[in-house]
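Chemist: sequence first, then the predicted structure:
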Amino acid sequence: MKLQLALDHPDLTRELEIAARTVKYMDFIEAGTPLLIREGIRAVRELRRRCRCPVVADIKVVDAGEPIAELAFAAGAKVVTVLGCASDEVIKRVVKSAKKYDGEVMADSLGVLNLIERAKELRDLGVTSLCLNRRGMKARRATQPENLKQLKAQVDEIELPVYLAGGIDLQELIALRKISLAGVIIGAAITEAPSPVDAAREMQRVISERLV
């Protein structure tokens, strides 16, 4: 399971500092949507320059496709996000740009009505992973056994590597290890913690620890 840090605060100086302090515990650093809206592609460029870690540009492309993705990949992004509900043509254009830069495309589940069916279509279009975004669905916290079971069944049926995002804290992360997730995307539980470094270190420890 990979750990992706979501930098969603629209203050680039603050987020660069947090990224620099926590990057050694991360597999990916994400320039979140609010940060990108405030700072533009500069946020991707600065994160790539200062952190030895793949950068995700959470643009959530829904229109134009290739021209937008091109900006992020050219600035050093390894992964660019699209909305899974975007048109097939837009997604094809983003995938085309990704191939040019040896990058990857992650689809966000926001707005997707039939997740299982759409995930298979996205895979065939060249999307390489899916962000299961709980802000746009009725999923409850996985710490409840029944919710954990339902989430596991859904993830197992999706034919793409799945990353889970949306309010994940340390307690829930422990439970999520039982699910075949490709990764988790965590923001506030690290960036708003009294010590982001301690929070990041503990979450990486939990992920790396073998289940008994």
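Modeler: Sure, I can see it. Numbering: from 1, shown residues only.

Chemist: give me the below-cutoff pLDDT ranges for the chain.
Modeler: Scanning the chain for pLDDT under 70 picks out 136-145, 210-212.

Chemist: show me where it has its strands.
Modeler: Ranges of strands in the chain, per DSSP state E, are 2-7, 28-31, 55-61, 79-83, 104-108, 129-133, 162-165, 183-186.

Chemist: can you put these in JSON lines and add distance to residue 149 and mean neighbour count?
Modeler: Every C-beta, even on glycine, is put in place using the N, C-alpha and C of the backbone. Below are the strands of the chain laid out as JSON lines (distance: least, CB to CB, whole Å; neighbours: other CB atoms under 10 Å):
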{"stretch": "strand 2-7", "distance to residue 149": "23", "mean neighbour count": "24"}
{"stretch": "strand 28-31", "distance to residue 149": "28", "mean neighbour count": "27"}
{"stretch": "strand 55-61", "distance to residue 149": "29", "mean neighbour count": "26"}
{"stretch": "strand 79-83", "distance to residue 149": "28", "mean neighbour count": "25"}
{"stretch": "strand 104-108", "distance to residue 149": "24", "mean neighbour count": "25"}
{"stretch": "strand 129-133", "distance to residue 149": "15", "mean neighbour count": "24"}
{"stretch": "strand 162-165", "distance to residue 149": "15", "mean neighbour count": "23"}
{"stretch": "strand 183-186", "distance to residue 149": "18", "mean neighbour count": "23"}
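
Chemist: and stretch 199-212, how far out from the chain middle?
Modeler: Stretch 199-212 sits 18 Å away from the centroid of its parent chain (CA atoms, centre = their mean, to the nearest Å).

Chemist: beta partners of the residue nearest the centre of the chain?
Modeler: Residue closest to the average C-alpha location in the chain (CA atoms, centre = their mean): residue 185, at 5.1 Å. Counting by DSSP bridges, residue 185 is bridged to residue 4, residue 165.

Chemist: look up how far residue 31 lies from it.
Modeler: According to CB to CB, to the nearest Å, residue 185 stands 12 Å off from residue 31.

Chemist: would you turn the strands of the chain into TSV with distance to residue 207?
Modeler: Listed next are the strands of the chain as TSV, based on distance: least, CB to CB, whole Å:
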stretch	distance to residue 207
strand 2-7	6
strand 28-31	13
strand 55-61	17
strand 79-83	19
strand 104-108	19
strand 129-133	17
strand 162-165	12
strand 183-186	8
